[in-house]
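Asks: show me how the following folds:
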Amino acid sequence: MRVLRSSLLETVQDDYITQARLRGVSERRILLRHALPNAALPAISLIGVQGGFMFGGTVLVEMIFAYPGIGNLMVDAVRNHDLPVIQAVALVYCVLVLGINAVVDVAYMAVNPRLRLAGSR
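Replies: Model (predicted):
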């Protein structure tokens, strides 16, 4: 929220927002249609990065609170030198992070029309 707020405060200072105000566009429309999509891009990127860190943190949380799960399985596999299980769990984590990155890319294309136009060329 802090990243979105600071990005929104920077975006509101831009010239196209001033031009929209001079044309008489309502503040609500300026915020929702002009400022928010441009200000949301850094926040979307940060959500993707934090999503990857969240799945990486499951190992720590599961060990601290003794939850059974994939993070606990990974730690047990490392302790027992079970290479196939380590590889499988690492692959699952990689697929999850790639899936999050794909969702972030789709969200970028939905928010930023310039990316939709660049992809069609």
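
Asks: element containing the spatially most central residue of the chain, please.
Replies: Closest residue to the average C-alpha location of the chain: Gly48 at 2.1 Å, with Cα atoms, centre = their mean. Using DSSP states H and E, Gly48 sits within helix 36-56.

Asks: over to Thr11?
Replies: helix 2-12.

Asks: tell me the angle that helix makes with helix 36-56.
Replies: Comparing the axes of helix 2-12 and helix 36-56 via axes from the mean of the first three to the mean of the last three Cα atoms, to 10 degrees yields an angle of 160 degrees.

Asks: model confidence over helix 2-12, on average?
Replies: Here helix 2-12 scores 90 as its mean pLDDT.

Asks: dump that helix to PDB, restricted to CA.
Replies: The C-alpha trace of helix 2-12 is given here as PDB (Å, rounded to 0.1, in the frame of the first residue of the first chain):
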ATOM      1  CA  ARG A   2       2.900   2.400   0.700                       C
ATOM      2  CA  VAL A   3       4.400   1.800  -2.700                       C
ATOM      3  CA  LEU A   4       1.000   2.300  -4.400                       C
ATOM      4  CA  ARG A   5       0.500   5.500  -2.300                       C
ATOM      5  CA  SER A   6       3.900   7.000  -3.100                       C
ATOM      6  CA  SER A   7       3.600   6.000  -6.800                       C
ATOM      7  CA  LEU A   8       0.100   7.600  -6.900                       C
ATOM      8  CA  LEU A   9       1.400  10.800  -5.300                       C
ATOM      9  CA  GLU A  10       4.100  11.000  -8.000                       C
ATOM     10  CA  THR A  11       1.600  10.200 -10.800                       C
ATOM     11  CA  VAL A  12      -0.800  12.900  -9.700                       C
END
